[in-house]
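Asks: sequence isn't available, so here's the structure alone:
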């Protein structure tokens, strides 16, 4: 028959086991956080470069998005969301609605603005770049909305 020490471990032993489990959880959390951060940096790096799409591909994509929104009875559609780090000033000019804010855009957000300027604006479409979240009270992600209603 097992002894009492086998049935009821000491409080010290229980604390040690609990601490090991907590340390393992902390290690796993740190590993997941590091992986998520690396993934985020890779995404930002990819988005900060040109998309590689041809003008025709961009126009077809814009048309598809707009037509789908119209079929759903919408007069505007958010076409993109991106981290503020894709702006040279982290979204400050957009948030302040300063003249020339479009000059702070890089990568794909800049391509979208150029597509609007070249093809959509002459056809009466409007575009808005707006900070859509404020984590910790500072500008976060920016949304791009195309609209065509009154």
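Replies: The structure has been received and is ready for your questions. Computed from a predicted model, the values in this text were never measured in an experiment.
Asks: which residues in this structure form helices?
Replies: Using DSSP state H, the helices of the chain run over 4-7, 11-47, 55-71, 92-96, 107-115.
Asks: and those as CSV, adding mean pLDDT and mean neighbour count?
Replies: In short, each C-beta sits where N, CA and C put it, glycine included. Output for these, formatted as CSV (pLDDT from 0 to 100; neighbours: other C-beta atoms under 10 Å):
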stretch, mean pLDDT, mean neighbour count
helix 4-7, 73, 8
helix 11-47, 74, 11
helix 55-71, 86, 13
helix 92-96, 95, 18
helix 107-115, 92, 19
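Asks: which one of those lies closest to residue 140?
Replies: With C-beta to C-beta as the criterion, residue 140 lies closest to helix 92-96 of the helices of the chain, at 10.1 Å.
Asks: elements contacting that closest one?
Replies: Applying 3 or more C-beta pairs under 8 Å, 6 or more residues apart in numbering; DSSP states H and E, we find helix 92-96 packed against strand 126-131.
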